[in-house]
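Colleague: Kindly generate the corresponding structure for this input.
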Amino acid sequence: MLFRRNAVVLILYTTIPLITCCEEFVEMNPPVTSLTGNTVFMGDETATSAVTGIYIRMIQSSNTLVSGNQSITSLMGLASDELLNYSTDEGRIEFFDNELLSNNRFVYANWREFYTYIYTANSILEGLTTSKDVTEAAKKQLEGEVRFIRAFCYFYLVNLYGEVPLVTGTDYEVNRLVPKASVADVYYQIIYDLKIAQELFDIDYVGTQRIRPNRLTATALLARVYLYTENWVNADIEATSVIESELCHLEGNLNNVFLIESKEAIWQLQAIRNSWNTFDGLSFILTGSPTNVSLSNNLVNTFEPQDKRLTNWIGSITVDSETFYYPFKYKIHSSPDPPVEYLTVFRVAEQYLIRAEARARLNKLTGANSAASDLNAIRGRAGLANTSATTQTEMLDAILQERRMELFTEWGHRWFDLKRMGKSDMILGTIKSGWQSTDELLPLPEQELSRNPNLRPQNSGY
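Modeller: Numbers count the residues shown, from 1 in each chain. Sure thing, here's the model as predicted:
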């Protein structure tokens with residue numbers, strides 16, 4: 001079963017003193033700590049606290065799917081060709097070796113976390129519908145946010161696990177035996193939620209920072225979804241809408257991209273501890289020999305020597321004459337000072353690469369308003385010459401390569417790119433001794449299969 005009868009779904013395992021370091025959230029009520037299927041909100045502040053509690057839950061520790069050692073970034077970086085493993089944790093070794101078992105604790109933990117967010121979003125949607133004390137303006141913003149959150153979770157679920165249960169309510173009797181939905185049906189729900197969110201959201205951000213989703217955030221994910229579903233025309237349209245917005249643009253200085261005040265950021269998750277800024281910085285920056293991960297030489301050696309990302313986004317440390325490389329997009333390992341970096345979920349550079357690929361697929365290869373012009377915007381920022389690609393095949397290969405250089409160790413992009421572009425066997429098959437084509441999907445968690453027989457059959461290869 002996905003959820004127990006009358007279960008209290010925890011949004012936040014934290015205390016009020018922790019929240020007081022969050023400047024954007026400090027003026028509102030403490031986050032709601034539990035929701036049931038019969039949620040009724042007494043006003044704007046309690047409803048808003050329920051939603052912001054989801055974001056705080058996402059970012060509160062190094063053991064969530066969004067940041068740190070259990071994150072999509074870390075696990076799928078290990079499964080692809082981005083990260084090397086030094087951990088003795090059997091679950092992480094299975095990801096690195098592409099020899100996953102269906103009872104892998106990370107496979108189950110992230111599945112469970114996604115569905116916790118989804119259940120919470122469903123409960124908030126129902127609560128907003130029945131609550132008479134929430135203003136219409138707040139209802140619009142909050143419904144947009146929870147529809148976006150639900151779409152965000154299902155995007156990762158369908159790309160990690162394939163066919164998954166499509167849960168859109170809080171009824172236990174319905175949820176406990178929900179069968180798998182087709183990939184097409186899951187994407188239909190994602191697009192449906194994102195289109196509604198676009199209509200509900202204002203273009204402006206709530207507050208002075210970019211930690212609450214807005215119309216651009218929904219549009220950025222929709223552009224990605226259209227790319228993944230091969231709807232090239234709409235991927236171009238939605239990405240263009242983001243790129244042409246006055247609210248965001250490419251940062252000229254690579255070292256400004258992941259800062260709180262970055263104009264490239266579309267959506268960030270706010271740091272909630274003063275002792276560090278992001279768990280990616282805490283987890284990835286090496287201060288000695290790696291005990292968890294380092295960047296693969298395969299990745300580091302692929303950068304062109306003059307690429308500014310090589311010198312600005314990759315760090316190194318030499319221990320006993322051996323050099324190890326690590327992601328250095330986030331510069332703060334730990335610090336007692338107020339945060340200067342937030343974990344970035346969506347940023348403008350990806351939208352240029354989405355539009356470049358969409359236009360390449362539509363054979364808009366060179367000249368103004370072309371794949372080449374978008375690709376060159378990213379390459380130029382990195383200090384590189386314009387692309388030499390002219391044919392469609394050359395352009396798509398160049399875009400895949402540029403996505404690797406630009407988006408490494410961000411949200412599993414490399415893993416998903418190899419999978420959707422049909423490159424996994426060719427690239428991972430040559431460097432992973434245990435690689436099989438069926439490894440492109442994670443196994444469905446054994447714990448869920450034992451509770452819900454309608455989830456069977458298990459994904460192929462497991």
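Colleague: Pass me the low-pLDDT residue ranges in the stretch 251-400 of the chain, would you?
Modeller: In the predicted model of the stretch 251-400 of the chain, no residue satisfies pLDDT under 70.
Colleague: What are the neighbouring residues in contact with the nearest residue to residue 436 once chain neighbours are set aside?
Modeller: Nearest residue to residue 436, sequence neighbours excluded (Cβ to Cβ, 6 or more residues apart in numbering): residue 461, at 5.7 Å. The C-beta positions use only the backbone N, C-alpha and C, and glycine is treated the same way. By Cβ atoms under 8 Å, 6 or more residues apart in numbering, the residues touching residue 461 are 436, 437, 438, 439, 441, 443.
Colleague: And residue 128, by the same measure?
Modeller: 41, 47, 134, 139, 142, 143, 146.
Colleague: what about it, which helix or strand?
Modeller: Using DSSP states H and E, residue 128 sits in helix 105-130.
Colleague: Could you identify the helix or strand that succeeds that helix?
Modeller: Following helix 105-130 in sequence, per DSSP H and E, is helix 136-161.
Colleague: coming back round to it: if we go by neighbour counts, what in the helix holding residue 128 is buried?
Modeller: 105-111, 113-128 (16 or more other Cβ atoms under 10 Å).
Colleague: Kindly report the same for stretch 317-326.
Modeller: 317, 324, 325, 326.
Colleague: count of neighbours near the nearest residue to residue 285 once chain neighbours are set aside?
Modeller: Excluding the flanking residues, the one nearest residue 285 by Cβ to Cβ, 6+ apart is residue 333, at 4.2 Å. Other residues within reach of residue 333, judged by other Cβ atoms under 10 Å, total 17.
Colleague: my guess is residue 333 is in a helix, correct?
Modeller: No: looking at residue 333 with DSSP: H, G, I helix; E, B strand; the rest coil, it is coil, so not inside a helix.
Colleague: so who does residue 238 touch?
Modeller: Neighbouring residues of residue 238 by Cβ under 8 Å, 6+ apart: 219, 220, 222, 223, 226.
Colleague: how near is the spatially closest residue to it that is not a sequence neighbour to residue 143?
Modeller: Of all residues beyond its chain neighbours, the one nearest residue 238 is residue 223 (3.7 Å), with distances taken as Cβ to Cβ, 6+ apart. According to Cβ to Cβ, to the nearest Å, residue 223 stands 21 Å off from residue 143.
Colleague: Looking only at neighbour counts, state which of the two leads.
Modeller: residue 223 (28 against 23).
Colleague: That one is in contact with residue 239, isn't it?
Modeller: Yes: contact status for residue 223 versus residue 239: in contact at 4.2 Å, counting by Cβ atoms under 8 Å.
Colleague: which residues do the two both contact?
Modeller: Overlap of the contact sets of residue 223 and residue 239 (by Cβ under 8 Å, 6+ apart) consists of 351, 354, 355.
Colleague: possible to save the residues you listed as a markdown table with neighbour count, distance to residue 266 and secondary structure?
Modeller: Rendered in a markdown table, the data for the shared contacts of residue 223 and residue 239 read as follows (neighbours: other Cβ atoms under 10 Å; distance: Cβ to Cβ, whole Å; DSSP: H, G, I helix; E, B strand; the rest coil):
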| residue | neighbour count | distance to residue 266 | secondary structure |
| --- | --- | --- | --- |
| 351 | 29 | 8 | helix |
| 354 | 26 | 12 | helix |
| 355 | 29 | 14 | helix |
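Colleague: Please render those as a markdown table that adds distance to residue 83 to the earlier fields.
Modeller: Below are those laid out as a markdown table (distance: Cβ to Cβ, whole Å):
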| residue | distance to residue 83 |
| --- | --- |
| 351 | 25 |
| 354 | 24 |
| 355 | 28 |
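Colleague: which one of these sits closest to residue 99?
Modeller: residue 354 (32.4 Å; Cβ to Cβ).
Colleague: How about the contacts made by that closest one?
Modeller: 223, 224, 227, 235, 239.
Colleague: Now the third one: closest residue in space, sequence neighbours ignored.
Modeller: I take that to be residue 227. residue 235 (4.3 Å).
Colleague: pLDDT score for the one you found?
Modeller: pLDDT for residue 235: 98.
Colleague: For it, pull up the helix or strand it's in.
Modeller: Counting by DSSP H and E, residue 235 is found in helix 232-243.
Colleague: CSV for the contacts of residue 354, including distance to residue 201?
Modeller: Shown next, in CSV, are the contacts of residue 354 (distance: Cβ to Cβ, whole Å):
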residue, distance to residue 201
223, 15
224, 17
227, 21
235, 20
239, 17
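Colleague: Show me where the stretch 251-400 of the chain has its strands.
Modeller: For the stretch 251-400 of the chain, the strands defined by DSSP state E, counting those that start in this stretch occupy 265-269, 293-295, 314-319, 322-327, 343-347.
Colleague: tilt between the first one and strand 343-347?
Modeller: Okay, so that is strand 265-269. Using axes from the mean of the first three to the mean of the last three Cα atoms, to 10 degrees, the direction of strand 265-269 lies 150 degrees away from that of strand 343-347.
Colleague: who does strand 265-269 pair up with?
Modeller: strand 343-347 (antiparallel) (DSSP bridges).
Colleague: cool, the fourth one as well?
Modeller: Sheet partners assigned to strand 322-327 using DSSP bridges are listed as strand 314-319 (antiparallel).
Colleague: picking that back up, would you say the residue nearest to residue 436 is within a strand?
Modeller: No: with three-state DSSP as the criterion, residue 461 is coil rather than part of a strand.
Colleague: State the pLDDT value of it.
Modeller: Looking at residue 461, the pLDDT reads 97.
Colleague: tell me the angle of the helix holding residue 128 relative to helix 136-161?
Modeller: Using the same axes, to 10 degrees: helix 105-130 against helix 136-161 is 160 degrees.
Colleague: before we move on, the earlier item: confidence-wise, which of the contacts of residue 128 comes last?
Modeller: The minimum pLDDT among these falls on residue 41, with 90.
Colleague: so who does that residue touch?
Modeller: With contact taken as Cβ under 8 Å, 6+ apart, residue 41 is in contact with 47, 50, 127, 128, 131, 133, 134.
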